[in-house]
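Peer 1: Kindly generate the corresponding structure for this input.
(chains A and B)
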Amino acid sequence: MSHLPILPVLVPSLAAIIMLLPPLAKSVSRQRTIAWLAFAIMAVVCWQLVASVSHGTTIYVLGGWQPPFGIMLLVDHLSVMLVVLTTFLAFCACLYGSAGEELTGRFFYPLFMFQLMGINGAFLTGDIFNLFVFFEVLLIASYALLIHGGGKEKTGAAFHYITLNLLGSAFFLIALGTLYGTLGTLNMADMAAKVATLPPEEQAITKAGALLLLLVFGLKSAMLPLHFWLAKTYSAAPPPVAALFAIMTKVGLYSIFRVFGGIFGADAGALANMADAWIWPLGLATIVIGSLGVLASPSLRLLAANVIIVSVGTLLLSFVVSDGQSLSAGLYYLVHSTLVGGALFLIADLIKVQRGSAQDRFVIARAMAQPGLLGAMFFTAAICAVGLPPLSGFVGKALILNSISEPLERTWVWSSILLSSLIALVVFSRAGTSLFWHLSGKKAGETKAQPAQIAAIALLLLVTPVITVFAHPVTEFAQQAANDIADSMHLVQDIIAHPPEVNYEAH
Amino acid sequence: MELLFAFCVGTMTSCGVYLALRGSTFSVVLGLTLLSYAVNLFLFAGGRLMVNAAPILKTGEQITDPLPQALVLTAIVIGFAMTAFIVILAMRARADLGNDHVDGDPPDFPKAKRGGDNRS
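Peer 2: As a prediction, this is how the structure comes out:
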């Protein structure tokens, strides 16, 4: 059995542990070297994962315990896609952090690596309790990263964020206890098989447990009405951390896709597609509230945070409309929106630093030291975020709009997505005007962006034209990822029904 | 037994939720702790309550489900770490923000009478 699937979890965790050992614990430059080394290994691992998944879905059973008993990692197109996305985003954020943020507090790189380990683990696991464990790993790393560097604003935002997430974890456990009580298993595929043949008297309680899970994942993914924490948290977080957090809402969305598309999906008997009735209106309302937030944002960081909320709403809709046929388009949009969201936070930080006391608020202030460079980056990111041609935001939104055939759904989704794009267009034009053109007479600032910072943003933005040009292979991959949500469950159920011969003597 | 157990879990959960909704960080931390105890008990009951059953597999006897016990163990460890973290953060917030309100900014209470309370 190849040990490839565990490496995305193992490499960051080992790197973090090595960084905490005495010869490295006090030297940031050595920790940085280890971080680059870990990312180099991760790049090879990602390459191998993409290569391996093209031969089909594989599972990795930890300790040789066959499903449904042991913990199992699931490597299918969906998890590989998200692991690759996470690794790339984390690399860019880390590169940006190497130009300053690493020195504002201790242990930036180890925390970053633990966070990466948690996110990768959450994307790879095929066991729902293990999903909880990886959620906690990524959350505790995110708590520490959020207050990295300290300060009043961060402490205040962190307290809200942590309290909410601890409540979320408590509800997660209650939901898991309920589901285990009725289904008697925690392996996702096995749960899917058991749900289909659930006796009628247990259906109501299983449904309650599953909807509690929706509450928890809704909290993580900032679904209305659980989105209030997002704007404040993301705008208070250190910039590279905020950029990495762009993937955190996607962890919640991924869990919704896995649980409500896989376990309680079309094959779930009486409970089939049970969450759709909730996600439909909530997704629409998330877009509306996010757009209102976009309109009301007084600074670029808050604007970026609200753009993320709008993208969450769009992705939720893509999950439920046209019986799941839009999800592949949604996954394409997910890749795009994560990278652009991350880039926006980093650009906002550069602008904030160069404008002095006015920060990134939309007010008259002194000119920036590098208006041309920052303006070009802001302009590119804005085009992507709004969804104007020719970049990937347009392709993503067009794919989603095009995939809907039913007239009623089409009316709702087209109007909400197009109107939110129009609002974003207006607000981004206003933001660009006031940031770059409304200047006071004062001398321009002197602080210039460092090469590592520019490189990090450029890397994030360069992906946009790449996935536009190679839209065909990317959408094909996304289509397979969307299909895998149900197919992987069937595959694992086959393995459970016909377990492979395992020679325990040999282990 | 089930009724008593359910009553205990329910009471602890409602007390935990009530305290978590309070305005000062101390009550919130207490509330979260209570809630995590309630959750641990609840998870434990997920494997059904049994009396006089062996905790680990023995042949020919009635046994309880060992998995929820493993889950509770994991949940306890994680809950412990999280509680420790939020306690430290609450103290940090008290130091940074100068008060222990969850928003860092207590709503305006009517001011105490002059010379009324010297301790504050």
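
Peer 1: where in chain B is pLDDT low?
Peer 2: Applying pLDDT under 70 to chain B flags the ranges B:56-60, B:108-120.

Peer 1: helices or strands up against the longest helix along it?
Peer 2: Longest helix of chain B, by residue count under DSSP state H: helix B:66-97. Helix B:66-97 is packed against helix A:128-146, helix A:152-183, helix B:25-45, with contacts defined by 3 or more Cβ pairs under 8 Å, 6 or more residues apart in numbering or on different chains; DSSP states H and E. C-beta: built from backbone N, CA, C; applies to glycine.

Peer 1: Can you add distance to B:N52 and mean neighbour count and give those back as CSV?
Peer 2: Below are the helices and strands packed on helix B:66-97 laid out as CSV (distance: least, Cβ to Cβ, whole Å; neighbours: other Cβ atoms under 10 Å in any protein chain shown):
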stretch, distance to B:N52, mean neighbour count
helix A:128-146, 28, 23
helix A:152-183, 21, 22
helix B:25-45, 17, 21
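
Peer 1: Kindly report the residues of chain B close to chain A.
Peer 2: For chain B, the contact set with chain A under Cβ under 8 Å from any Cβ of the partner chain comprises B:16, B:20, B:25, B:28, B:32, B:35-36, B:38-40, B:42-43, B:45-48, B:67-68, B:71, B:74-75, B:78-79, B:81-82, B:85-86, B:89-90, B:92-93, B:96-97, B:102-104.

Peer 1: Which residue, neighbours along the chain excluded, lies closest to A:V28?
Peer 2: A:E102 (5.4 Å; Cβ to Cβ, 6 or more residues apart in numbering or on different chains).

Peer 1: Is that neighbour part of a helix or strand, or is it coil?
Peer 2: State at A:E102, reduced to three classes by DSSP: H, G, I helix; E, B strand; the rest coil: helix.

Peer 1: In contact with it, which residues are there?
Peer 2: Residues near A:E102 by Cβ atoms under 8 Å, 6 or more residues apart in numbering or on different chains: A:V28, A:Q31, A:R32, A:F108, A:Y109.

Peer 1: so which of the helices and strands packed on helix B:66-97 comes closest to A:P67?
Peer 2: For the helices and strands packed on helix B:66-97, the distance to A:P67 is smallest for helix A:128-146, at 11.9 Å, taking Cβ to Cβ.

Peer 1: Check whether the closest one comes into contact with chain B.
Peer 2: Yes. Residues of helix A:128-146 are located near chain B by Cβ under 8 Å from any Cβ, namely A:F129, A:V133, A:E136, A:I140, A:Y143.

Peer 1: Can you give me the neighbour number for A:T433?
Peer 2: 11 (other Cβ atoms under 10 Å in any protein chain shown).

Peer 1: Can you list the low-confidence ranges for the stretch 201-350 of chain A?
Peer 2: Using pLDDT under 70, nothing in the stretch 201-350 of chain A is flagged.

Peer 1: Up against chain B, what does the stretch 151-300 of chain A have?
Peer 2: Contacts of the stretch 151-300 of chain A with chain B, taken as Cβ under 8 Å from any Cβ, map to A:151-152, A:155-156, A:158-160, A:162-163, A:166-167, A:169-170, A:173-174, A:176-178, A:180-181, A:186.

Peer 1: ok, for A:L303, nearest residue in space, not its chain neighbours?
Peer 2: Excluding its sequence neighbours, the residue lying closest to A:L303 (Cβ to Cβ, 6+ apart) is A:S297, at 4.0 Å.

Peer 1: Of all the residues in the longest helix of chain B, which ones are buried?
Peer 2: For helix B:66-97, burial by neighbour count (16 or more other Cβ atoms under 10 Å in any protein chain shown) applies to B:67-68, B:71-72, B:74-75, B:78-79, B:82-83, B:85-86, B:89-90, B:92-94, B:96-97.

Peer 1: circling back to that earlier point, would you check the contacts of A:E102 and say which has the weakest pLDDT?
Peer 2: Lowest pLDDT of the contacts of A:E102: A:V28, 87.

Peer 1: and that one, what does it touch?
Peer 2: Contact partners of A:V28, counting by Cβ under 8 Å, 6+ apart, are A:E102, A:L103, A:F108, A:Y109.

Peer 1: swap in A:I347?
Peer 2: By Cβ under 8 Å, 6+ apart, A:I347 lies in contact with A:L300, A:L374, A:M377, A:F378, A:A381, A:I457.

Peer 1: For stretch A:450-463, give me every contacting residue.
Peer 2: In contact with stretch A:450-463 (Cβ under 8 Å, 6+ apart) are residues A:88-89, A:91-93, A:95-96, A:98-100, A:243, A:339-340, A:342-343, A:346-347, A:350, A:373, A:377, A:380-381, A:384, A:392.
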